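Student: quick one, what's the 3D model for this:
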Amino acid sequence: MSLFQVFDIAGSAVSAQSLRLNTTASNLANADSVAGDAATVYRARQPVFQASPLADGGSGVGVQMLGVVESNAPAKVRHDPDHPLANADGDVFAANVDPVAELVNMISASRSYQTNIDVINTSKTLLLRTLSLGQ
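Tutor: Residues are numbered from 1 along each chain as shown. Take a look at the predicted model:
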């Protein structure tokens, strides 16, 4: 594996963590959303990734996004007959987002993002030092 593939691998990981952070931010932004029907309420989303060979055919493996899936967990039901979105039974359906789990996910993604940026910066420094050996 060449040293240049480190940039491809870490770059794909940075992109993956960026998507993970954006998805977490979307989940947290919609954590308090409600609807009058369980089918229309916001559902927590999670990105799905897999390891895949790099496009240049090298020996490295990067991160590929397969898609974003919605949670199968049921919506939270609250009895609030005075709410404007309440159904005929007086129930309001809230998003199935767990804010604590989302915050943990955000911290993990943020640290992974930063670690991959550090890998890129360290590789850049090593390449520059290698080039300066010939001077």
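Student: drop to CA atoms for contacts and neighbour counts, all remaining ones
Tutor: OK.
Student: which stretches of the protein form strands?
Tutor: Defined through DSSP state E, the strands belonging to the chain, from first to last, are 34-35, 45-53, 61-70, 76-79, 91-94.
Student: Ala35 touches Lys76, doesn't it?
Tutor: No - applying C-alpha atoms under 8 Å as the test, Ala35 and Lys76 come out as separate, 10.4 Å apart.
Student: anything in contact with each of those two?
Tutor: Jointly contacting Ala35 and Lys76 under the rule C-alpha atoms under 8 Å, 6 or more residues apart in numbering are 93-94.
Student: of these two, who's got more company?
Tutor: Between Ala35 and Lys76, counted using other C-alpha atoms under 10 Å, the more crowded position is Ala35 (21 against 15).
Student: does Leu54 really touch Gly62, like I thought?
Tutor: Yes - at 5.8 Å, Leu54 counts as touching Gly62 under the criterion of C-alpha under 8 Å.
Student: joint contacts of the two?
Tutor: By C-alpha under 8 Å, 6+ apart, Leu54 and Gly62 have these common neighbours: 8-9.
Student: which of those two has more neighbours?
Tutor: In terms of neighbours (other C-alpha under 10 Å), Gly62 is the more surrounded of Leu54 and Gly62; the figures are 20 against 17.
Student: so where do the helices sit in the protein?
Tutor: According to DSSP state H, the chain carries its helices in the segments 5-29, 99-132.
Student: just name the most buried of the ones you listed.
Tutor: helix 5-29 (a mean of 19; mean count of other C-alpha atoms under 10 Å).
Student: what angle do that helix and strand 45-53 make?
Tutor: Computed with axes from the mean of the first three to the mean of the last three C-alpha atoms, to 10 degrees, the direction of helix 5-29 lies at 170 degrees from that of strand 45-53.
Student: how about the contacts made by the most centrally placed residue in the chain?
Tutor: Nearest to the mean C-alpha position of the chain, counting by C-alpha atoms, centre = their mean, stands Arg20 at 1.0 Å. Applying C-alpha under 8 Å, 6+ apart to Arg20 gives the contacts 46-47, 106, 109.
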